[in-house]
Every structure is written in structure tokens, then in C-alpha cells.
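Participant: Make a model of this:
(chains A and B)
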There are 2 protein chains.
Amino acid sequence: MRIALLGGTGDIGEGLALRWAYHTNHEVLVGSRDPDRARAKAEEYETELDSRGVECTVKGFENAMAADRADVVVLAVPAYHLVDTVEHVADRLDDETVLVTPAVGMRRDDHGFHYNPPSAGSVAALAANAKPDDVPLVGAFHNLAAGRLADLDSEFEWDTLVFGDDDDATDLVSTLAEEIEGLRAVDAGGLANAAEVESLTPLLINVAANNEGMHALGVRFH
Amino acid sequence: MRIALLGGTGDIGEGLALRWAYHTNHEVLVGSRDPDRARAKAEEYETELDSRGVECTVKGFENAMAADRADVVVLAVPAYHLVDTVEHVADRLDDETVLVTPAVGMRRDDHGFHYNPPSAGSVAALAANAKPDDVPLVGAFHNLAAGRLADLDSEFEWDTLVFGDDDDATDLVSTLAEEIEGLRAVDAGGLANAAEVESLTPLLINVAANNEGMHALGVRFH
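Facilitator: Numbering: from 1, shown residues only, chains lettered A, B, ... in the order given. All right, here's what the predicted structure looks like:
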């Protein structure tokens, strides 16, 4: 399987790229608006993996070129770039491509972080409105501490909430999630339930900010 | 310490009443709009505890009478009764009483449960606006599966998120929470962060609805 991480030079993109390259045989493509930056980051990831005895090829591309080559396209971009990014790559997607959004819209005030949904109701709904109709969209990987994900020495036992209206697509993304060691995919229902999933991210940040010894948090449901 | 559970005949009230009576020496008062119902439920709880070899007195009162006698008053009522309940007991509270809200406002559609905050921004903000100024308010116990809490045979390892603007009051409620076996209190910051905490409850319900073998869920942050 080929997985493109658009915005794969950013923190959550880096974490997912490294983990999939480390734990699986999938081909990881790093996308960026700037292809030079994508290639530089891809090399950096290769070096990191090589230092751990993992031989793999990570390639960098401009976002649309990465999307064009991929079976699964992860929108690892800030929420305010989401629509632009989807529109930019739209004609590279088809009904065989699964689009994945881990994006969360937040605002910050003196007290902490807060969920800041767009008028569409959720960030995922923005992506759903911007994508071609026949391309399935799945939400996942919102609630992972990016730094810890990118640190291959770090172990965790986290759940990632997966949602979407296309069962085959959500099953595929759940499988990809669980191929990352320590990650369990939990079904949060359809796209209509996106806001409740996206809201968990500011809560995790607030909990990390207010409790000594609790940093880089994830959750487990039980 | 005397803890009044207003709406203590309902599901989350029952769980907290039984757990505090079972695990601690605090005096538990069951409040209800109907004092006969409060007394009947209190007797039911006593019988349940007695069957487990725990001798304790659980008393039932009309809500205002329960609040009047208590050091800590938990508003274990549905969100749409919250303001009425606070106003009804307001002149029984003083700056020595800690008011606790576990209430969450939700709506349900064909897809699942959704957070449905009032225009005040959160259910806790409604309670804050309705209470006397000098009475500290703490949010806690939103995210516990009530049925499992009320089943004293059930063990769990859950976090409860505690928030509030009065440090002494939040510390007290955190201590009371941790006196329940298996419960850890986690600081979510001030009242301004209430919505992120309250949003977690519909997510838990959606996860329980969509995953086989995951019922009566709580979360742990790590």
C-alpha cells in the first residue's frame, strides 16, 4: 500500500510517516507544498530509520504528486489549510483513493485550548464538502501526541478514534492504524460524529497543561 | 464530610452515592424533588451496602433539605433541570459549600450523540450563572458510565476530569473522587475549559455504540 502524508513535514505527518515506515512494509510518501522540503524531510526520515536498522525508501513530493501516487492520502495539514489542500489535490484522487483527515480546529485563550468548529460543524465536514463526491473520507489520528509518535523510542497504548461513512474505507484506515504498535483503532461512527472526536484534542492539551507528569498524552477507552 | 447528591435517585447519583458509602466514611445524603422517593432510594442503597457487610446510614431528603445539610452538593440532575435545581437550593448554600456539576447537555440523532452546549457555552457555565457568587463550583464526574459505577462488583481504572476556578474546591473534589477505588482525578483547568470536558460524554456513548465488547466505558489519559 502507498500512503501519502500531505503536510508530511509537519509534526503529526512526521510521526505517522516514521511509524508506518518503522512498523510496516507500506510505502510512505512525504508531501509538502515545497517539493524540496518534502525531499529533505523524506531523507531525514530515511536516515532516522536507517540508524535503527530499518532499510526503507521514503520519498518526498509536492503534495499533488504525492496524492497522485497514493492509495491512502492523509491530510496532515493545519485545519486552516485543509480545504486548500483538498482542492489542490482533488483531480489526483479517485474512488480507489481513501482520504484521511486528522485535522482539528482549535482556538486558544488564557485558560486553555478550545474546540473551534467551522460553520460546517466539524473540520471533517469541511474536507467532505471540498473533496470529489466519489472519494471516501475517513477521520483518524486526531488525538495522538505528535512528538511522542515521532519518537520511535517512545512506547504508548493509545486509542485512535476512526469515523467515516464508507465502511471499507474506515476498515482500511483502522487496519493501517493498528499496524502501528501500541495503537488501537476504535470506531466512533459516521462523519456526523466528527465534532465529538475532534473536541478531544483540546481536552488532551488542557490536561497535559494542568497536570504535572502528564505530557504528550493519548487516551484509552475501557 | 457530608455529601448531598441532588437527583441522587438517578443513575449517576446512585453510582456516586453507593461508591462513596462503600469506599469512604463520608455521610451520603440522597436528594430528590420528592422526599418519599429520596427516602426509598436511600433505604435501597443501605440494603445494598448492608448485603456487602458495610454498615452505614444513607438518608433521603427533599433536594433543598439535602443541600442545607451538606458540605458538598453534587448536581446529579439532567442538564435541563440544572438551573432550576441550583435556584431551588441557592439559599441553602454558602461559601463553605462546594457545588459540583457532572451534568452534560446532549442531543441525539440517527448517527449518535452530540454535545449540545447552551448559549452560555457549557452546562457548567449555566450552573455558574445560577449559583450565588460566593459558592465555589467544580465540574467533575461527567465521564463515568453510571451503570458500572453503581455496580459495586465492577472494577474500573478511569479518570475523571475536574475543573473549576477555586483551587481549594477543586482540590477537595479531586480528593473525594480519588477516594473511590479505581478513579483518578485529572485537572482540566478552569471553568472556561468546561465544554471540552462535557464533550467527552457523547464521544464515549458513540464509541460504546459502535464497538463490540466496549460498553459502559470510561477513559484513562496516559
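Participant: how about the residues of chain A near chain B?
Facilitator: For chain A, the contact set with chain B under C-beta under 8 Å from any C-beta of the partner chain comprises A:109-115, A:156-157, A:161, A:186-190, A:192-193, A:195-197, A:199-200, A:202-204, A:206-207, A:209-211, A:214, A:217-222. Heads up, the C-betas are built off the backbone N, CA and C, glycines and all.
Participant: Could you pick out the buried ones from those?
Facilitator: A:111-115, A:156, A:161, A:186-190, A:192-193, A:195-197, A:199-200, A:202-204, A:206-207, A:209-211, A:214, A:217-221 (16 or more other C-beta atoms under 10 Å in any protein chain shown).
Participant: Looking at those, which are in helices?
Facilitator: The helices, defined by DSSP state H, take in A:A195, A:E196, A:V197, A:L200, A:P202, A:L203, A:L204, A:N206, A:V207, A:A209, A:N210 from these.
Participant: a markdown table please, covering those and showing pLDDT.
Facilitator: Formatted as a markdown table, these follow (pLDDT from 0 to 100):
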| residue | pLDDT |
| --- | --- |
| A:A195 | 97 |
| A:E196 | 96 |
| A:V197 | 98 |
| A:L200 | 97 |
| A:P202 | 97 |
| A:L203 | 97 |
| A:L204 | 97 |
| A:N206 | 97 |
| A:V207 | 97 |
| A:A209 | 96 |
| A:N210 | 96 |
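Participant: I'd like the residues you listed laid out as CSV, including distance to A:N129.
Facilitator: Putting these into CSV (distance: C-beta to C-beta, whole Å) gives the following:
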residue, distance to A:N129
A:A195, 15
A:E196, 19
A:V197, 18
A:L200, 22
A:P202, 23
A:L203, 26
A:L204, 27
A:N206, 29
A:V207, 31
A:A209, 33
A:N210, 35
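Participant: Now the most centrally placed residue in chain A: closest residue in space that isn't a chain neighbour?
Facilitator: For chain A, A:P102 is the residue whose C-alpha lies nearest the centre (C-alpha atoms, centre = their mean; 4.2 Å). Once flanking residues are discounted, A:P102 sits nearest to A:F141: 3.8 Å by C-beta to C-beta, 6 or more residues apart in numbering or on different chains.
Participant: If you count contacts, what does the lengthiest helix in chain A end up packed against?
Facilitator: As assigned by DSSP H, the longest helix anywhere in chain A is helix A:35-50. Applying 3 or more C-beta pairs under 8 Å, 6 or more residues apart in numbering or on different chains; DSSP states H and E, we find helix A:35-50 packed against helix A:11-23, strand A:27-32, strand A:58-62.
Participant: Give me whichever of the ones you listed is most buried.
Facilitator: strand A:27-32 (a mean of 28; mean count of other C-beta atoms under 10 Å in any protein chain shown).
Participant: Mind telling me what element A:V89 is part of?
Facilitator: Using DSSP states H and E, A:V89 sits in helix A:82-89.
Participant: Now do the contacts for the closest residue to A:V186 other than its chain neighbours.
Facilitator: Leaving aside its sequence neighbours, A:V186 sits nearest to A:D159 (C-beta to C-beta, 6+ apart; 4.7 Å). Neighbour list for A:D159: A:N143, A:L183, A:R184, A:A185, A:V186, A:G218, A:V219, A:R220, A:F221 [criterion: C-beta atoms under 8 Å, 6 or more residues apart in numbering or on different chains].
Participant: In strands only, show me the residues you listed.
Facilitator: Judged by DSSP state E, the contacts of A:D159 include A:L183, A:R184, A:A185, A:V186, A:V219, A:R220, A:F221 as members of strands.
Participant: Report pLDDT for A:L152.
Facilitator: On the pLDDT scale, A:L152 is placed at 96.
Participant: tell me the contacts of it?
Facilitator: Under the criterion of C-beta under 8 Å, 6+ apart, the contact list for A:L152 reads A:L18, A:R19, A:Y22, A:E48, A:R52.
Participant: pull the CA atoms of whichever strand or helix holds A:D171 into PDB?
Facilitator: For A:D171, the host element (DSSP H and E) is helix A:167-178. In PDB, the C-alpha atoms belonging to helix A:167-178 read as follows (Å, rounded to 0.1, in the frame of the first residue of the first chain):
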ATOM      1  CA  ASP A 167     -17.200   1.000   5.800                       C
ATOM      2  CA  ASP A 168     -14.500  -0.400   3.500                       C
ATOM      3  CA  ALA A 169     -12.500   2.900   3.800                       C
ATOM      4  CA  THR A 170     -12.900   3.000   7.600                       C
ATOM      5  CA  ASP A 171     -11.900  -0.600   7.900                       C
ATOM      6  CA  LEU A 172      -8.800   0.000   5.800                       C
ATOM      7  CA  VAL A 173      -7.700   3.000   7.900                       C
ATOM      8  CA  SER A 174      -8.400   1.100  11.100                       C
ATOM      9  CA  THR A 175      -6.100  -1.700   9.900                       C
ATOM     10  CA  LEU A 176      -3.400   0.800   9.000                       C
ATOM     11  CA  ALA A 177      -3.800   2.400  12.400                       C
ATOM     12  CA  GLU A 178      -3.400  -0.900  14.200                       C
END
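Participant: ok, and for that helix, which residues are buried?
Facilitator: A:A169, A:T170, A:L172, A:V173, A:S174, A:L176, A:A177.
Participant: B:P78: which of these is nearest?
Facilitator: Within those, the smallest distance to B:P78 is 32.7 Å, found for A:T170 (C-beta to C-beta).
Participant: doesn't A:T160 make contact with that closest one?
Facilitator: No - contact criterion C-beta atoms under 8 Å: A:T170 and A:T160 do not qualify, at 11.7 Å.
Participant: is A:V162 in a bridge, and if so with what?
Facilitator: Counting by DSSP bridges, A:V162 is bridged to A:D187.
Participant: Next up, the contacts around it.
Facilitator: For A:V162, the contact set (C-beta under 8 Å, 6+ apart) comprises A:V138, A:G139, A:A140, A:T170, A:V173, A:S174, A:A177, A:A185, A:V186, A:D187, A:A188.
Participant: Any chance of these in a markdown table with pLDDT as columns?
Facilitator: Formatted as a markdown table, the contacts of A:V162 follow (pLDDT from 0 to 100):
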| residue | pLDDT |
| --- | --- |
| A:V138 | 98 |
| A:G139 | 98 |
| A:A140 | 98 |
| A:T170 | 98 |
| A:V173 | 98 |
| A:S174 | 98 |
| A:A177 | 98 |
| A:A185 | 98 |
| A:V186 | 98 |
| A:D187 | 98 |
| A:A188 | 98 |
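Participant: Quick check: the farthest pair among the residues you listed?
Facilitator: Among the contacts of A:V162, A:V138 and A:V186 lie farthest apart (C-beta to C-beta), at 13.1 Å.
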